[in-house]
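[1] Predicted model follows, preceded by the sequence.
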Amino acid sequence: MPEGEFWNPEVELLSGEEIRSLQLRRLRAVLERCGNSPFYREWFREAGFDPARVSSLDDLRALPFMDKETLRGGDPRRFLTVPLEEVVRLHSSSGTTGQATVVFHTARDIDAWTELVARCMYMTGVRRSDVFQNMMGYGLFTGGLGFHYAAERIGALVIPAGSGNSKRQIQLMRDFGTTVIHVIPSYALYLLDVFRELGLDPRRDTSLRIAFIGAEPHTESLRRRLEEAYGIKAYNSYGLSEMSGPGVAFECPFQEGMHVGEDSFILEAIDPEPLEPAPAAEGGERARTLHREGMPLLRYRTHDLARVFPEPCRCGRAHRRISRIKGRTDDMFIVKGVNVFPMQVERVLLGILGVGSNYRIVLETVDNRDEMRVQVEVSGDLWHGEVKELSQLRRRIAQELRNEILVTPVVELVEPGSLPAGEGKAVRVVDMRDHARGE
Ligand code: AMP
Ligand code: ZN
């Protein structure tokens, strides 16, 4: 490996054993601070867990898992291990309105996260001379600011373009010689159509060389297609807001799985059914413990399924790698980069007069873009009534769904009794998108 390939060689070149001992040291410091948090005091007490007696990473297993539900149940300040005055920022996960899972950060947390993402970007070859266009949503979503600060720390020129506005994105790339982008993979695919419409070819008419693609599941063949069409290397970037955001796992130049930043996260492979540790090489769910100063999370279930590659990588880093995300162990789905739970849709529908007893969510790839279709049975009276009323109902459903899930679906009203009535658990989501079919 040529010199200068590492942002922070001291951390990146730790051996497996050194990583484990660093993890234990940091874990013990976090557990000590957890005593300041009303939530953790209670959590430990209920589990009969004495943080002072933790002498190995395995001792963590005496604690129950946490997940989004744990975070949602009440005031998020109860997780804080520092006074609120120390908190300088909050973020939340994409898509949620009513029940956002909020994460607080201290200045040191932001700094550590920035270092982590900078390290990931640098690993793939981003340097001071690069022009980085961040095409992710800014705001509460972590993909905007997380990458923004990291690229600035490297010293690249950052264009905080935000999401959407495709023609302007292309204009910016051409005006300022963008070399690196951060983009949702399905949007990158769609953007190719816009290039074509404008009579442009990204290979010829831009200076792009690297893309970071993440925030939603995608396939190897989609990656290859983007690499080919844009003439770039596209690196898979995985993260979740609860674990601060991007930087949790990231591909190195070898593109054989994503390195987990094991100095920040303790990775556990679990078998969701029954909830037990799983052999690493099998496709289990991942749980993580994060040493965050303000709001640490212990044994947090991501609900994301992936395999672990335990062997060291050709790049020289011992930080273990995970495969691309194969699916989830809950019913959350991601559409246009936004997380959606079927329950959110159901709640909206149940609150609208004229909606019948059954509904179904169909996800498709249309013109290279995600489309979400919500098929809704209407009540008998309405179905045989005025057309005007039906179209009003359709508009209202679309609008209320948009307010709740932040994605505008295509609403299709159907005859009462026409949707398949499930025997047992209803199949609410039919995913026919390319990546869901493994293409
Ligand atoms: P958020 O908290 O809004 O950032 O959403 C996090 C979720 O997005 C994760 O739990 C994953 O399900 C999904 N996700 C993020 N990055 C990727 C990726 N590279 N591949 C597949 N899914 C991803
Ligand atoms: Zn590697």
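    Structure's in. What do you need? Ligands and ions are numbered 1, 2, ... in the order given.

[2] Tell me which helix or strand in this protein has the weakest average pLDDT.
    strand 275-277 (a mean of 68; mean pLDDT, DSSP states H and E).

[3] Contacts for the following helix or strand past that one, please.
    Going down the chain from strand 275-277, the next helix or strand is strand 284-290, by DSSP states H and E. Strand 284-290 is contacted from outside by 27, 30, 60, 65, 243-244, 248, 264-272, 278, 296-308, 322, 329, using C-beta atoms under 8 Å, 6 or more residues apart in numbering. In this view, the C-beta of every residue, glycine as well, is placed from N, C-alpha and C.

[4] Check whether the next helix or strand after strand 284-290 comes near ligand 1.
    Next helix or strand after strand 284-290 toward the C-terminus (DSSP H and E): strand 297-306. Yes - Strand 297-306 reaches ligand 1 (C-beta under 6 Å from any ligand atom) through T302, D304.

[5] strands paired with the following helix or strand past strand 297-306, and their directions?
    Using DSSP H and E, the next helix or strand after strand 297-306 towards the C-terminus is strand 308-309. Sheet pairing for strand 308-309, assigned by DSSP bridges, gives strand 321-322 (antiparallel).

[6] Pull up the pairing partners for the helix or strand that the partner strand is followed by, direction included.
    With elements assigned by DSSP H and E, the helix or strand that comes after strand 321-322 is strand 327-328. Sheet partners assigned to strand 327-328 using DSSP bridges are listed as strand 297-306 (antiparallel).

[7] Tell me how far the partner strand lies from the chain's centre.
    12 Å (C-alpha atoms, centre = their mean, to the nearest Å).

[8] Please enumerate the helices of this structure.
    Applying DSSP state H to the chain gives helices spanning 9-12, 16-34, 38-47, 68-72, 107-123, 142-154, 166-176, 185-197, 202-205, 220-230, 342-350, 380-383, 387-405.

[9] need the ones you listed in TSV with mean pLDDT and distance to V82, can you?
    Below are these laid out as TSV (pLDDT from 0 to 100; distance: least, C-beta to C-beta, whole Å):
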stretch	mean pLDDT	distance to V82
helix 9-12	96	24
helix 16-34	95	8
helix 38-47	96	13
helix 68-72	88	18
helix 107-123	97	9
helix 142-154	97	20
helix 166-176	98	39
helix 185-197	92	37
helix 202-205	98	46
helix 220-230	93	40
helix 342-350	88	32
helix 380-383	88	54
helix 387-405	94	33
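
[10] Of all those, which one is nearest E86?
    helix 107-123 (7.8 Å; C-beta to C-beta).

[11] Tell me which residues are up against the closest one.
    Contact with helix 107-123 is made by 5-8, 11-12, 86, 88-89, 105, 146-147, 149-151, 153-154, 180, 212, 237, 244-247, 250, 252-253, 259, 261, 264, 292-295, 315, as judged by C-beta under 8 Å, 6+ apart.

[12] Kindly report the residues of the protein close to ligand 2.
    The chain comes close to ligand 2 at residues C252, F254, C313, C315, as judged by C-beta under 5 Å from the ion.

[13] and which of those residues is nearest I361?
    Within these, proximity to I361 (C-beta to C-beta) peaks at C252, which comes in at 36.4 Å.

[14] Now do that closest one, the pLDDT please.
    What the model reports for C252 is a pLDDT of 97.

[15] do V88 as well
    We have a pLDDT of 97 for V88.

[16] Report the contact partners of it.
    Contacts here follow C-beta under 8 Å, 6+ apart; on that basis V88 touches H105, T106, A107, I110.

[17] Can you tell me which of those comes closest to ligand 1?
    H105 (14.2 Å; C-beta to the nearest ligand atom).

[18] Which strand residues bridge the closest one?
    Counting by DSSP bridges, H105 forms beta bridges with R89.

[19] so who does it touch?
    Contacts of H105 by C-beta under 8 Å, 6+ apart are V87, V88, R89, L90, H91, W113, S244, R292, G294, M295.

[20] let's see it at 7 Å
    V87, V88, R89, G294 (C-beta atoms under 7 Å, 6 or more residues apart in numbering).

[21] Number of residues surrounding the third one?
    When you say that, I think you mean R89. R89 sits with 14 neighbouring residues when counted by other C-beta atoms under 10 Å.

[22] repeat for S37
    With other C-beta under 10 Å as criterion, S37 counts 20.

[23] Alongside ligand 1, which residues does the chain contribute?
    93-94, 142, 214-217, 236-241, 302, 304, 325, 328, 334, 339.

[24] From N236, how far off is the closest residue to ligand 2 within the stretch 151-300 of the chain?
    Residue nearest to ligand 2 within the stretch 151-300 of the chain: C252 (3.2 Å; C-beta to the ion). Shown here: C252 relative to N236, a distance of 11 Å by C-beta to C-beta, to the nearest Å.

[25] now E268
    21 Å.

[26] what's the nearest residue to D193 once chain neighbours are set aside sitting at in phi/psi?
    Nearest non-adjacent residue to D193, counting by C-beta to C-beta, 6 or more residues apart in numbering: N368, 6.3 Å away. Main-chain torsions, N368, degrees, to the nearest 10: phi 70, psi 10.

[27] wouldn't N368 be in contact with L189 here?
    Yes - using C-beta atoms under 7 Å, N368 is in contact with L189, at 4.5 Å.
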